[in-house]
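Sequence and predicted structure below; questions after.
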Amino acid sequence: MQRQFRFLVAGLFMLVAIGVLVAVGIRSTGMRHFTPDQLVAYDEPIHGGIQVDGFVVVGSTIEMGNLKLRFQVTDQEQNAKVSVIYTGIKPDSFKEGEGVVVEGTYDRAKREIQATKLMTKCPSKYEAEPSDEQGK
């Protein structure tokens with residue numbers, strides 16, 4: 001009987017430990033998602049990484065050398081602009097006025113994102129081609 005009790009306690013301890021590890025892992029890798037307007041308006045401290053979904057402001061791109069790129073992102077209504085500094089290889093499809101998603105850390109005082117990841121969005125590439133049979 002005492003042996004079964006020890007196995008039960010050991011099993012419960014292992015389940016609790018696994019649960020705690022999973023919860024800590026999810027919290028530490030969870031990334032908050034914002035638009036530029038939401039990010040500027042957000043009042044609480046932001047710890048860790050963020051993801052911002054917006055459009056590259058036309059005329060804001062500066063290539064700073066050493067694989068460094070500076071630009072601004074805005075939302076569709078262009079209510080707020082946030083500066084982005086990205087270090088890495090610029091995607092071939094990166095264009096001003098087009099949609100991007102950046103991941104990194106946010107410095108509220110500078111209103112600037114230090115981006116570690118830059119992804120472009122190309123929705124027109126995936127739209128269906130009109131066929132001759134449409135409209136018949």
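Sure thing, it's come through. Not measured: the values here are computed from a predicted model. Numbers count the residues shown, from 1 in each chain.

Show the pLDDT at the residue sitting nearest the centre point of the chain.
In the chain, the centroid-proximal residue (Cα atoms, centre = their mean) is Gln51; its distance is 2.0 Å. Gln51 carries a pLDDT value of 93.

surely it meets His33?
Yes. Counting by Cβ atoms under 8 Å, His33 is a contact partner of Gln51 at 4.8 Å. C-beta coordinates here come from the backbone N, C-alpha and C atoms, glycine included.

circling back to that earlier point, state the helix or strand in which the residue nearest to the centre of the chain lies.
strand 50-56 (DSSP states H and E).

which helices and strands does that strand pack with?
On a contact count with 3 or more Cβ pairs under 8 Å, 6 or more residues apart in numbering; DSSP states H and E, strand 50-56 meets strand 32-34, helix 36-41, strand 68-74, strand 81-87, strand 99-107.

who does the third one touch, helix- and strand-wise?
Helices and strands touching strand 68-74, by 3+ Cβ pairs under 8 Å, 6+ apart, are strand 50-56, strand 62-65, strand 81-87.

That one pairs with which strands?
strand 50-56 (antiparallel), strand 62-65 (antiparallel), strand 81-87 (antiparallel) (DSSP bridges).

and if you look at the shortest one?
When sheet partners are counted by DSSP bridges, strand 32-34 sits next to strand 50-56 (parallel).

Much appreciated, bye for now.
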